[in-house]
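Asker: Coordinates only, no sequence provided:
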């Protein structure tokens, strides 16, 4: 699953991908063109204290995918995935401890929060 770097905005798609145990292709961590765009639009991150690598850190912590450095690195990663799929018929998922992000767990947690609010 493809996930573009939103820098300080983590978004929700990352949790879906982790919960589904689908390898994430995170684009890009060190791309000069992307960095220029980020710097040009830096004001859109003014409302958050989150670090710019929050998505990357979560993917690394959960071993949920590949951190693609640049467009050149993406070609290598896609080639490796193609070879893995051609050899094995699948692309191995290495995600760890993803249960906490499953729809079932998240829905259950939301229900607990709503219930606690209604009892107060």
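Answerer: That came in fine, so what should we check first? Not measured: the values here are computed from a predicted model.

Asker: I would like the residues contacting the helix or strand where residue 26 lies, please.
Answerer: Secondary structure from DSSP states H and E places residue 26 in strand 24-27. Strand 24-27 has contacts (CB atoms under 8 Å, 6 or more residues apart in numbering) with 1-5, 14, 17-18, 55-56, 59, 64-68, 74, 77-78. Every residue, glycine included, has its C-beta placed from N, CA and C.

Asker: can you tell me which of those residues are in helices?
Answerer: 14, 17, 18, 55, 56, 59, 74, 77, 78 (DSSP state H).

Asker: I'd like those laid out as a markdown table, including pLDDT.
Answerer: Formatted as a markdown table, the ones in helices among the contacts of strand 24-27 follow (pLDDT from 0 to 100):
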| residue | pLDDT |
| --- | --- |
| 14 | 93 |
| 17 | 90 |
| 18 | 91 |
| 55 | 94 |
| 56 | 94 |
| 59 | 96 |
| 74 | 96 |
| 77 | 97 |
| 78 | 96 |
